[in-house]
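Engineer: A structural model of the following input is requested.
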Amino acid sequence: MVIPERVETQRLLLTRLQLTDAEEIFYTYASKPESTRFVSWPMHESISATRQFLLYARQAWAEGLDFSFSIRLKGTNRLIGACGFLNDGGKTQIGYVLGPLHWNNGYATEVTQKVVQLLRAQPDVVKVNSFVDADNHASARVLQKCGFVAEAMLKEWWKFPNQNFQAKDCILFQYPLDAKPDSH
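Structural biologist: Presented below is the predicted three-dimensional model:
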């Protein structure tokens, strides 16, 4: 896969995660219980944990397995979250996280639309999925607005680390790749 390290949307700049992003990531969302409640990774207890994640992210990008971007506001360059996708032989799974100060501004929708556009341009992508905790109504709405279709309700499917590893019902979403591309 050939994925650019820098991508722009109307209001946002997505850049490949860098080690220098550690403090901003930690303080913006990775250490915030409200931001990490529904993510698949444990909340970061220290900036050291964030740095460890960034080392993983650098290696995984190089191996073509995980393409993670910081989300920054154009103009101010303020980091507001992260997004990206996992790649398993062309089967991809997208995700995003925003700091709570930046919720309800349409940023998740804008980012998801851009990630889908990137994936649709890749000839090797055969599937674009995402899953959400059934209680995460905001993310379910974002995915639906971006054209994803709920494919299945998976009972007690994922143990979210920031919800005491309790098995939760999840909704599996799929983006129909045969849909017409956006006219952007």
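
Engineer: so in the chain, which helix runs the longest?
Structural biologist: For the chain, the longest helix by residue count, based on DSSP state H, is helix 47-62.

Engineer: mean confidence score for that helix?
Structural biologist: Across helix 47-62, the average pLDDT comes to 97.

Engineer: and for stretch 3-15?
Structural biologist: Mean per-residue pLDDT for stretch 3-15: 97.

Engineer: list the buried residues for it?
Structural biologist: For stretch 3-15, burial by neighbour count (16 or more other CB atoms under 10 Å) applies to 3, 7, 9, 12-15. All C-beta spots, glycine's among them, are computed from the backbone N, C-alpha and C.

Engineer: thinking again about what came up before, now the very next helix or strand once past the longest helix of the chain, how far from the centre of its chain.
Structural biologist: Sequence-wise, the next helix or strand beyond helix 47-62 is strand 66-73, with elements assigned using DSSP states H and E. Centroid separation for strand 66-73 versus its chain: 8 Å, with CA atoms, centre = their mean, to the nearest Å.

Engineer: mind starting the numbering at 375 from now?
Structural biologist: From this message on, residue numbering opens at 375, which makes the last subject strand 440-447.

Engineer: need the max-distance pair from the buried residues of stretch 377-389.
Structural biologist: Ile377 and Leu386 (16.5 Å; CB to CB).

Engineer: what about the strands in this protein?
Structural biologist: Secondary structure of the chain, counting by DSSP state E: strands at 380-382, 386-390, 440-447, 453-462, 465-472, 501-507, 523-533, 541-549.

Engineer: and for the fifth one, what's in contact with it?
Structural biologist: Right, strand 465-472. Residues outside strand 465-472 that contact it (CB atoms under 8 Å, 6 or more residues apart in numbering) are 403, 409-410, 413-414, 445, 454-460, 481-482, 485-486, 489-490, 493, 499-505.

Engineer: what pairs with that strand, parallel or antiparallel?
Structural biologist: Listed by DSSP bridges, the sheet partners of strand 465-472 and their directions read strand 453-462 (antiparallel), strand 501-507 (parallel).
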